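Q: Prediction below, plus the sequence it came from.
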Amino acid sequence: MHYLRLKQALASSRLRTWPYPGRIGVREHDGQSGRTHLHIFDSWCHIATVEDEGELEDVLEARVELTFDLDTYKLLQKHLKKNASIIPLYGQTGEPCQKTGTIC
C-alpha cells in the first residue's frame with residue numbers, strides 16, 4: 001500500500017518520454033540583432049547551438065555523449081508547449097540527416 005501511495009505521489013514528477021524519433025532543432029530568432037540560432041536537442045538533452053548549415057552538418061555528423069539536465073528539460077517542455085518552431089533533424093528511419101546544405 002505504501003508503494004502505491006508513493007508511486008501516485010511521484011507521478012506528476014515523472015519525466016515524459018522523448019516524443020521524436022531523433023534529434024530536433026528549435027529555432028530562436030532575435031528581433032533586435034536579426035540573428036537566428038538553431039538549438040539542437042536529443043532525448044531532452046541540449047547538444048549544440050548553431051547559426052548556419054555548415055555548423056549544423058558538423059553537429060549532425062558528430063557523436064556526442066548525451067548529458068541530461070533537469071533545468072534544460074523543464075525549459076524545453078515550456079518551449080514545446082508554446083508550439084515552438086521545431087525542425088526535425090532525422091531521416092525517415094530516425095537517423096540523423098546527412099544531406100549537405102539542407103535541413104531535413
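A: Yep, that arrived.

Q: Next, name the residue at the spatial heart of the chain.
A: Central residue of the chain (Cα atoms, centre = their mean): Phe41, 2.5 Å from the mean position.

Q: I'd assumed Val26 was in contact with it.
A: Yes: with contact defined as Cβ atoms under 8 Å, Phe41 reaches Val26; the gap is 6.6 Å. Every residue, glycine included, has its C-beta placed from N, CA and C.

Q: so where is this structure shaky, pLDDT-wise?
A: The model of the chain has pLDDT under 70 over residues 11, 91-104.

Q: mind running it again at 90?
A: 1-16, 28-31, 34-36, 52-54, 57-64, 77-86, 89-104 (pLDDT under 90).

Q: ok, which stretches of it are helices?
A: Using DSSP state H, the helices of the chain run over 2-10, 53-61, 70-81.

Q: Using TSV, lay out these together with mean neighbour count and distance to Asp30.
A: Putting those into TSV (neighbours: other Cβ atoms under 10 Å; distance: least, Cβ to Cβ, whole Å) gives the following:
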stretch	mean neighbour count	distance to Asp30
helix 2-10	9	38
helix 53-61	16	17
helix 70-81	13	15
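
Q: show me what contacts Tyr73?
A: Leu15, Trp44 (Cβ atoms under 8 Å, 6 or more residues apart in numbering).
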